[in-house]
Structure formats: C-alpha cells, structure tokens
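Asks: Dropping a prediction and its sequence here:
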Amino acid sequence: MPGMTDPRFDHCVIYVCSHSEEGAMGLIINKRTTNIDFLSLLDQLDIDVGSEIFGSDIPEFERIMLHAGGPVEIGRGFILHSADYVQDSTLIVSETIALTATVDILSAIAAGEGPQDYIIALGYSGWGAGQLEEELQQNSWLNIEADEELVFRTDIELKWPRAMAKLGVDVSLLSMDSGHA
C-alpha cells in the first residue's frame, strides 16, 4: 500500500512464490541490488565467464540486473523464471512461472541455455504462519493477479505504477485506514 511504514517495502512489488499454512515466501521484483553485479556473482561462484561461454556477448551479460529480493537471507540467490526451464529442484509456481535456487541455472543462463525470461534476486521476503493474511486484512498490501509481462518484461521503474494501474484505482486516493462492515 502507499504509505507502507517499513522502508524496506516502500513501493515494492512482490511476487509471492509460495503460500501455505506454514507461511509465505516472495521476491521483490522492482528493486535493484547495488552490492554486486552479475559477472561478479558468476566469478564468486566459480562459473566460467570465458569467451567459450560468452563469445562476444560479455557486454550483454554485464547488463543483467540483480534484484534485491527481500531482507531475508540476502546472501542467497533465487531465480524467478519462465517455466520453459525446469530442473529437479525447481519449484513450479504456476503454469508459466517457476523458481530455482541452484548454481546450475546461473551456469545455464551464462551459457545461453537458461530460461527465456528470468529475474535473479538476492534474498527473499518471508512471512510466518498467518502473518501475510493478517497484513492483508490490515490493508498493508494490495493484491493483484500476476502476469509475465509485468514480472519479466516491464522496466523496473515502471513495475509499481503498472501494478497499481492493474487495480484500476487512483493510488493517490488510497488510505491506510480501513473499515470493517
């Protein structure tokens, strides 16, 4: 919601990857991380970035953005991606979106054999049992149906305003105060 009091989530768009009685997990998809870039990440993980993998496309890989997925386990990587790439450890989130958290997918991306669409995130956003439901009841979050265009193909700066536009509501008219009938 506009007016979120936690600055870590101000104007964040979070894709919820899993939600059960035990809690929920999601990735912020509209915040960059400035701690590390993609090539440095590959180097830290000992993924070969030689010309046999990249050929002449190293500048393309320098443009791959890393996202700040959330404040939990910020040293751990998660790749939210199109479901055209699946391995044994992949969590199928929907018919078209999946989540993988292994080094193998990064190697596949570097080799040009990864998913068509992807977001690489460091850290995640998590809620304990019943916490997300309570926060939704308190009007802390707005909820929309996800779509691949918004998740993967919208510029990072435009994700929040486009998510709000999907609601069909003028966000300047929203209030943090709620009523219960």
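Replies: Structure's in. What do you need? Residues are numbered from 1 along each chain as shown.
Asks: Can you list the residue ranges for strands in this protein?
Replies: 14-20, 23-28, 66-68, 72-82, 91-92, 97-100, 118-128 (DSSP state E).
Asks: In contact with Gly123, which residues?
Replies: Ala68, Gly69, Gly70, Pro71, Val72, Glu73, Ile74, Gly75, Arg76 (Cβ atoms under 8 Å, 6 or more residues apart in numbering). C-beta coordinates here come from the backbone N, C-alpha and C atoms, glycine included.
Asks: possible to save the strands of the chain as TSV with mean pLDDT and distance to Glu134?
Replies: Formatted as TSV, the strands of the chain follow (pLDDT from 0 to 100; distance: least, Cβ to Cβ, whole Å):
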stretch	mean pLDDT	distance to Glu134
strand 14-20	95	13
strand 23-28	96	11
strand 66-68	94	24
strand 72-82	95	18
strand 91-92	95	24
strand 97-100	97	24
strand 118-128	95	9
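Asks: now those in a markdown table, with distance to Ile36?
Replies: Formatted as a markdown table, the strands of the chain follow (distance: least, Cβ to Cβ, whole Å):
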| stretch | distance to Ile36 |
| --- | --- |
| strand 14-20 | 21 |
| strand 23-28 | 16 |
| strand 66-68 | 6 |
| strand 72-82 | 10 |
| strand 91-92 | 24 |
| strand 97-100 | 19 |
| strand 118-128 | 7 |
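Asks: looking at those, which is closest to Ile109?
Replies: Each of these has some distance to Ile109 by Cβ to Cβ; the shortest is strand 118-128, at 6.6 Å.
Asks: Put the alpha carbons of that closest one into PDB.
Replies: C-alpha atoms of strand 118-128 as PDB (Å, rounded to 0.1, in the frame of the first residue of the first chain):
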ATOM      1  CA  TYR A 118      14.200 -14.600 -15.600                       C
ATOM      2  CA  ILE A 119      14.900 -12.300 -12.600                       C
ATOM      3  CA  ILE A 120      17.900 -13.000 -10.400                       C
ATOM      4  CA  ALA A 121      17.300 -12.000  -6.800                       C
ATOM      5  CA  LEU A 122      19.400 -11.900  -3.700                       C
ATOM      6  CA  GLY A 123      17.400 -12.500  -0.600                       C
ATOM      7  CA  TYR A 124      13.700 -13.000  -0.200                       C
ATOM      8  CA  SER A 125      10.600 -11.700   1.600                       C
ATOM      9  CA  GLY A 126       9.000 -14.000   4.100                       C
ATOM     10  CA  TRP A 127       6.000 -14.200   6.300                       C
ATOM     11  CA  GLY A 128       5.300 -16.600   9.200                       C
END
